[in-house]
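In: Quick one, structure for this:
(2 chains)
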2 protein chains.
Amino acid sequence: MMNKVEEKQSSAWTGFKKGQWQTEIDIRDFIEHNFTQYNGDESFLEGPTEATTKLNDQLTELKMKQRKVGVLDADTKVVSTITSHAPGYLDKDLEKIVGLQTDKPLKRSLMPQGGINMAREALETNGYHIDPEVEEFYTKIQKTHNQGVFDAYNADIRHARHNKILTGLPDAYGRGRIVADFPRIALYGIDRLIEAKTQDLNLTGDGEMTSDVIEQREHISDQIRALRDMKTMAASYGYDISKPATNAQEAIQWLYFGYLAAIKTQNGAAMSIGRIDTFIDIYINRDLERGVLTEKEAQELVDQFTMKLRMVFFMRTPEYNSLFTGDPIWATLSLAGTGLDGRHHVTKTAYRFLNTLHDMGAAPEPNITLLWSDNLPMAFKQYASSVSIESSTIQYENDDLMKREWGTDYYGIACCVSAQPVDSGVQFFGARANLAKTVLYALNEGRDEITGQQVGPELKKMSSEYIDYDEFMGKLDRMMDWLADVYVNALNVIHYMHDKYYYESAQLALKNTKLDYTFATGLSGLSVAADSISAIKYGHVKAIRNEDGLTVGFKADKDFPRYGNNDDRADEIVVWLVKTMYQKMNTHHLYKDAKLSTSALTITSNVVYGKNTGATPNGRELGEPFAPGANPAYGADISGALASLVSVSKIPYKYATDGISNTFAVTPTTLGKAEDEQEDTLVNMIDGYMKNNGHHINVNVFKRETLLDAQKHPEKYPTLTIRVSGYCVYFADLTKEQQDDVISRTFHTSM
Amino acid sequence: MMNKVEEKQSSAWTGFKKGQWQTEIDIRDFIEHNFTQYNGDESFLEGPTEATTKLNDQLTELKMKQRKVGVLDADTKVVSTITSHAPGYLDKDLEKIVGLQTDKPLKRSLMPQGGINMAREALETNGYHIDPEVEEFYTKIQKTHNQGVFDAYNADIRHARHNKILTGLPDAYGRGRIVADFPRIALYGIDRLIEAKTQDLNLTGDGEMTSDVIEQREHISDQIRALRDMKTMAASYGYDISKPATNAQEAIQWLYFGYLAAIKTQNGAAMSIGRIDTFIDIYINRDLERGVLTEKEAQELVDQFTMKLRMVFFMRTPEYNSLFTGDPIWATLSLAGTGLDGRHHVTKTAYRFLNTLHDMGAAPEPNITLLWSDNLPMAFKQYASSVSIESSTIQYENDDLMKREWGTDYYGIACCVSAQPVDSGVQFFGARANLAKTVLYALNEGRDEITGQQVGPELKKMSSEYIDYDEFMGKLDRMMDWLADVYVNALNVIHYMHDKYYYESAQLALKNTKLDYTFATGLSGLSVAADSISAIKYGHVKAIRNEDGLTVGFKADKDFPRYGNNDDRADEIVVWLVKTMYQKMNTHHLYKDAKLSTSALTITSNVVYGKNTGATPNGRELGEPFAPGANPAYGADISGALASLVSVSKIPYKYATDGISNTFAVTPTTLGKAEDEQEDTLVNMIDGYMKNNGHHINVNVFKRETLLDAQKHPEKYPTLTIRVSGYCVYFADLTKEQQDDVISRTFHTSM
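Out: Residues are numbered from 1 along each chain as shown, chains lettered A, B, ... in the order given. Below is the predicted model:
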C-alpha cells in the first residue's frame, strides 16, 4: 500500500529513471540516473521573453537608483524569519518565479541575531533607525552571536583582531558558507523531508542524553520547524510545497523557496545556491519531451530564477563593505563539472545559465563558477570562454582536483571558491590571518609595526641592522605558532556562539543530519610574505627603523627571486608558508572536531589588508595593497602568464582545500586576434593550468585603458563587470582606491 | 598604596577582625573571625516599631485581598530584568529596607524565558493577557528553555512525563535552587566583586578554546554584566552599592539587592535567601557597640527585611499550584548551626529572625530552617521550640550530619530541605520519580496502571494471581533500571537547556566561579512502595485485575510489616529502595559531571502523586494521597512518635543528600501539660532524632480539631500556618483536598 506521500511522489516522478533516490534522500543518485549530457554548441539557445526583459528593465532601474541613492528601503522593526513577511513581487503578473527576501524588491531585512550593533549601524549609516524596542531587546534581554563571541574572546584574540593581524572574522553577522541541498524540496516535497528528519531525530543518541546528543536532537527539531515554516511561506505565495514538484517551473520554484528561507534567516557573508544545473535540466527535459514547455519558456524560467539571485542584498556596515565591496552575497552557482564515473555534466541548462548574461546583461550575482575538467566537451569550453571574453563574469575551478580531494562529484562552491559536499558538508568560515604582518611581527619583537603595541609573543630584538636569515626564521616560526593559536581560538569561539545564537536551521534542514565539518582558515599576504622571506634569504636586506625601533622600510642590496616566475627558490617559500601554517593550526583543538582547511583568498580585502600593513622586506611600501588571494605580488611576475600560472599551481590543494584563488587579467589581443583564436587560447590556457593542478582562476579579459575610461566615465559602463578575488563586481561599485588597485594589477600581455 | 576600592573597603571594615577575607572573597572566613555567640535567652528582644506595624498591616491587607481576588497586578509586556522596573515601594517613607520585584507591591513580573506557554497561561488563568508582540517573539524568534527541552526530549521521556511517573520537572520555568552568597555585596561592594570575576575570567582556560572553556568564559562575562546591572538597579533606589556597606542597614540592604536581582531574573521553584544571620549580626553588633543603633532599630531592620521576603510572588499556572500550593517561593532562611570548630553560630540575630513571627505574625515565607546541633545552647533550642509550638512555622535540620557530608559549615538550605555550600554549590533540581507507580509497572508488564499505555519496558505477565516475590523483584529491578535511565536523561536535557536559555547570571555572579554541581533527583511514594514490597514479601498478596489485565486492587491474606514502626523488615526495604535507585541512576552520564544526590521529599505534591497512582499492594486505594516525603504511609506508623522517627532516620543521608523530609504532627498535650514541659519534650525529641542521624523534621504542633475548625471557619484563622513537606503554608491557602490530606495525616498522640 502506498501512503499519501508516496502517491504524490509517484505521479510527480513519472518518467524518471528509478534508483535509490526513491527510497533514500539522495539528489546525487537522482541526477546520476536521470541527467542528459549535451555535447552540442550554443546554437539552440533562445533570447529572453518579453516578460523577462520588462522585469529586468525594472530591476536594472531599481539597481541604478540604488547605486545612486543607496539602500532603497529597509526593515527597522520586523525581525526577519521564514514567515515574517507578506509575499513580495517585482511585477506579479510577469513573474514566473516568485519570492522576495522581504515584501518589496531590494528592501533589506532586519537580522539582529548576528549582532545588534552591526544591525543598528548598518541601518544608521544608511539613514534608517532601528526600532528602539528591538534594540533594547537584543541589548538587554536576548544575547546575539556577536555579544556571545566577545563574552568569550580573550585579551590575546581581541588584541590580534584590533591590530588587524586577524581580519574579517564573522563575529558580528552570519558566518554563511553553507550550500544547502535545495533540490531536495523539489524532488521530495517538504512532507517527505520532515518524515526523514523525524526518523533521524528518533535515531539520534543511544538513549543516554549526553550534551552532544542533546544538541543534535535540538538542532534536528529546529530543522523540522524550519521545514514547516517553508511550507507556510510558500503557501503565502500560493504554492503547496508539501509534495514534490511536478514540472520544471515548480522544480525551480520549490528549490528557490528553500534558498529564500535561507536568505530570510541568515545574513551570512556567502549565501550560495549550489549546484543545481543538471537537476533543473532533468525537469526541463521532461517538460520539453512532454511538449508542455518550449525552449523559449525554459530559458525564461532560468532567466527569471537567475534574476531573483541578482536581487538579494543584506544590510551591511561601511566596515563590512570595505572588505567586501559591491554588496556581494555570493549566490555562487556551480555549473557543469563531471561525475565520479568520468562523464561530463554539461547540459543544455548549463548553457542556459551562461545565456542569462546575454539575456539580462552582465551582473555580479550569481557568482558563476564553472567546474572545469579535461572531460568537458570542447564546444562548451569554447562557449564559456566566449562569455568570459565578452563579460569577465566567470571563474573556473578544477573539477578533477576537487572531486579527488573531496571524494564526491556532488559538491558545490560555497562563497567564493570553496568546494563543499552539497549533501553533507558544512564549512566553518573564518576569514583571514595576515602573513605579511606576521613577518613584520617577527622582525619587531612581536610588536605591531603600525600601532607599536605588543601583540604577538615578546621576542628579543633582531641582533643586527642587516637581517640574519636563520635568526629571522626562528622568530617567524614562533610568531606563526602564536598566530595559529590565536586564530584557531578565535574561530572556535565564533562557531560555538554561532551554533548557540544563530543556528542555520533552514539550510541545515536541507542537508544530511550527519555532517562533515570543515574548519576554514585563510591566509592573506601570502605573496608579500613569501617575497619578503626570499628577500631576507637572498637579497641581503637591511631594516630601516624609527625611533621606537619599529621597521618602517627595508633595503635589499641584491636582487632576489620572487614568487610568480616559476622559480622554485621563491615558489617553495609560498608552499612552505601554506603547509607550515596548516600544520601549526592543526595541532589545536578544532570546534566539533572539524577537518582543518585553509585558503589563499582575499576577495577585495587585499586593499584593506595592505592599508593596515607596514612596509615589507620585499620592497612593498606601507599601505600598498596586497595582491589578491594566491596571486603573485604586483609587478613581481614578470615572466609571462604561463610562468605566473605555474607558480600558483605549485601550492598543494590538499592543504588549502578552502581554495587557492588566482585572479588573472589578460588583454584580448594577448589571447589572439580573431574571436575564435582568443577563445581557443583561453581554453588552452585554462586546460593547461588545471592539468597542472591549478585550483581556481578568475578570468578577466580587458585592456587597462577600458578600466581607466570606465573610471573617468562610469555612466558609459553601468554594468561593466570584473572578477576580483572570488567574486564578480560592477566596476562602478568599487571605491576609487579599489579601482586603482584593479588597474594596477598585472595585465598579462604575453603568454 | 591603597587603590580607591581598597580605601572604601578599609573604612567600611573598621572594627572588623582581620583575616583572609580581606584579600580573598570569603564570607565564611569573615564570619568565623567576627561573629559573636549568644548564649542568653530571648529576654533582650524588642517588639516591632510603629513603622513596621504599619507596613505589615498594609501588607496583610494586600495579601488578604490577594487571597480573595487572586493576582492583584501583573506585567504583560515588560520582560523582567535586573533593571527593567522603576523603583517600587510599599510606603516609601516608612521603609527601612527597600526594593520590590516590580514597581508595585505584589505585582507579578513577566518571565517568559523559562517557557512562553507557562507565562501566557499563568497570565490567562489569572485574567491577564500577554502582549502579542512578546508572545510572538518568544514563539517565533527566540526560543525558551521549555521549547529547547521539548526539542530534545525523546519519546520515552515524553511518555514517562505524560503518564506522570516523572512529575514536577522544571522544564517550563526556572529550575531555582541556587543559594547565592548575597553577603558578598555587603562586605565587598560590587566593584570588588567585578574585579574578582574579571580576574577569574582572565584565568579561565589555558588558552585553548575548547567548548567547555568558551562556555565558562561566556558565563563569567554574563555574571559581570549582572553585577553591573545590580549597581544600576540599586542606584535607582538611591544607593551606591559599588562600595562595601558601612552599617547594618546598608549591609542588609546591599545583600537584599542581590536577592532582588535574583528574583527579578529567575522564577525558579525555589529562590532561597541562604544563611545570613551571623553575617547580619556582625554588622548589627558593630552598630550597637558604636551606639548608632538600638535593639529596637535592629529588630526593625530584621523585621522589614523579613517582610520583603514575605512579598515575593511569581506568576504560576494552576498545574504548578496543584504541585506546590500556597504560592511558595522558598525564600528559605537558614538559622544558627555550628562551625567546623564546633562553636555554635547562635547569635542574637537568629533570635531576631524568630522574633519576626511575633512582630508580624506567622507567615509561610521566609521558610525558616533551624540548623540543629547538639552544640546549640539550650536557651535557643527552647525558644525555637516555643515558637514551633506557637506557630508551627519552623523546620529543623541536622547540622552535624550536613556539615559532615558536605564538608563545610558555610552551607545554606536551598528550596525545602536541601543543603548547598553557599560559596561553591549549585544544585540541578529535578523534582520526582514515582516509586509507587514503578511497583505497579513491574506488576503490569510495564504498562501504566491507569492509562494502560506501555510506558516502561515490555515485560512478561506475572505468572500467577498471587504475586510471587522473587518474580516480582526481578521485574521491579528492570523497571527501576528503566526509571533511572529515563529520569536522568530528562534531567540532563533540562539542565543543558536551562544553562543555554535561562542561565542564572545574577545568582552565579555571587558565587565562586569554580562550582560544585549536585544532580538532584527525588523519589516520591517511598513509603507506599516499601510497604507494597513488604506486603508482597510477607503478606501473600493477590492482584485484582480489570478486563485489560491491569491491577485495580490488591488483597493481602496476611498482615505484613510496615515502614514507620522501627521494624527492620520494612525499614530495610525503604533503605534498599533509596540506595538501589541511587546506584542505578549513578551508572549514567550526569550533566556537567555533577555529583548525584537524591531526596525523599514531596512538598504538597504527595496529594497529586497519589491522585495519579492506582491502588497499591499495601492496601492503599487508587487516588489516595501518598504520605509526604520520607514519612511512613498514612496510618502505617502505629508504634508511637519515637518508633516512627527511628524508622525515618534509618535512611542513609549519604545517598539522599538532597534531603530526607519528615513531616511530623503532634498534639500539644502529647508533649506535656505545661508550656515549659512541652518545650523540653520537643527539644529532647528533636535532639534524639538528630543524634540518631535523622536529617529533617517539620514540626507541627496542633490538634486535629483546630484544623477541622479552621476548615469550617477560615475567617477565624487567616494566618494559621502549618508545615507541609519542606515548607510552610497558610492553611487557608490549601485546597479542600489538601486540607483533608493534612487532617488525615498521623497526629502523634503518644511518644
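In: Output the below-cut-off pLDDT ranges for chain A.
Out: Flagging of chain A using pLDDT under 70 yields the residue ranges A:1-9.
In: How is it divided into domains?
Out: Following the TED database, chain A resolves into domains at A:190-243, A:434-660.
In: need those in CSV with mean neighbour count and distance to chain B, can you?
Out: Quick note: C-beta positions are derived from backbone N, CA and C, even for glycine. Converted to CSV, these look like this (neighbours: other C-beta atoms under 10 Å in any protein chain shown; distance: least, C-beta to the nearest C-beta, whole Å):
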stretch, mean neighbour count, distance to chain B
domain A:190-243, 19, 3
domain A:434-660, 22, 4
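In: And the ones you listed: which comes nearest B:G452?
Out: With respect to B:G452, and counting by C-beta to C-beta, the nearest of the domains of chain A is domain A:190-243 at 23.4 Å.
In: next one: the closest one to chain centre, how far?
Out: Its chain's C-alpha centre and that of domain A:190-243 lie 27 Å apart, by C-alpha atoms, centre = their mean, to the nearest Å.
In: List the contacts of A:G659.
Out: A:G659 is in contact with A:C416, A:V417, A:S418, A:A419, A:S599, A:A600, A:L601, A:H695, A:H696, A:G726, counting by C-beta atoms under 8 Å, 6 or more residues apart in numbering or on different chains.
In: what's the closest non-adjacent residue to it?
Out: Distance criterion C-beta to C-beta, 6 or more residues apart in numbering or on different chains; nearest residue to A:G659, sequence neighbours excluded, is A:V417 at 3.6 Å.
In: Might one say that that neighbour is in contact with A:T663?
Out: No. Taking contacts as C-beta atoms under 8 Å, A:V417 lies outside contact range of A:T663: 10.5 Å.
In: what's around A:G127, how many residues?
Out: A:G127 has 10 neighbours, counted by other C-beta atoms under 10 Å in any protein chain shown.
In: My reading is that it lies in a helix. Confirm?
Out: No. If the criterion is DSSP: H, G, I helix; E, B strand; the rest coil, then A:G127 is coil and not within a helix.
In: Am I right that it is in contact with A:D73?
Out: No. Look at A:G127 against A:D73 with C-beta under 8 Å: they stay out of range, at 10.9 Å.
In: quick one: stretch A:505-512 to chain centroid distance?
Out: On C-alpha atoms, centre = their mean, the centre of stretch A:505-512 falls 19 Å from that of its chain.
In: Kindly apply the preceding question to stretch A:392-400 instead.
Out: Offset of stretch A:392-400 from its chain centre (C-alpha atoms, centre = their mean): 13 Å.
In: Kindly export that stretch (C-alpha atoms) in PDB.
Out: What follows is stretch A:392-400 as a C-alpha-only set of coordinates in PDB (Å, rounded to 0.1, in the frame of the first residue of the first chain):
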ATOM      1  CA  SER A 392      34.600  38.700 -17.500                       C
ATOM      2  CA  THR A 393      32.000  37.200 -15.200                       C
ATOM      3  CA  ILE A 394      33.100  33.600 -14.900                       C
ATOM      4  CA  GLN A 395      35.500  31.900 -12.600                       C
ATOM      5  CA  TYR A 396      36.900  28.500 -13.300                       C
ATOM      6  CA  GLU A 397      37.700  25.800 -10.800                       C
ATOM      7  CA  ASN A 398      39.400  22.500 -11.200                       C
ATOM      8  CA  ASP A 399      36.700  19.800 -11.000                       C
ATOM      9  CA  ASP A 400      39.200  16.900 -11.400                       C
END
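In: Need the contact partners of that stretch.
Out: By C-beta under 8 Å, 6+ apart, stretch A:392-400 touches A:336-338, A:354, A:357, A:362-364, A:367-374, A:384, A:387-388, A:413, A:417, A:419, A:653, A:686, A:690, A:693-702, A:721-723, A:726, A:728.
In: Helices along the stretch 151-300 of chain A, start to end?
Out: Secondary structure of the stretch 151-300 of chain A by DSSP state H, counting those that start in this stretch: the helices cover A:155-162, A:183-202, A:211-236, A:248-265, A:277-290, A:295-309.
In: Touching the last one from outside, list them.
Out: Defining contact as C-beta under 8 Å, 6+ apart, one finds that helix A:295-309 is touched by A:44-49, A:51-52, A:55-56, A:59, A:95-97, A:99-100, A:248-249, A:252, A:256, A:259, A:273, A:280, A:284, A:287-288, A:331, A:333, A:349, A:352-353, A:355-356, A:359-360, A:365-366.
In: Now that helix: buried residues?
Out: Going by neighbour count (16 or more other C-beta atoms under 10 Å in any protein chain shown), the buried part of helix A:295-309 is A:297-309.
In: Relative to chain B, which of those is nearest.
Out: A:K308 (24.7 Å; C-beta to the nearest C-beta).
In: partner residues bridging A:L110?
Out: As for beta bridges, A:L110 partners with A:V79 under DSSP bridges.
In: mind listing what it touches?
Out: A:L110 neighbours (C-beta under 8 Å, 6+ apart): A:A74, A:D75, A:T76, A:K77, A:V78, A:V79, A:S80, A:A119, A:L123, A:I130, A:V134, A:M315.
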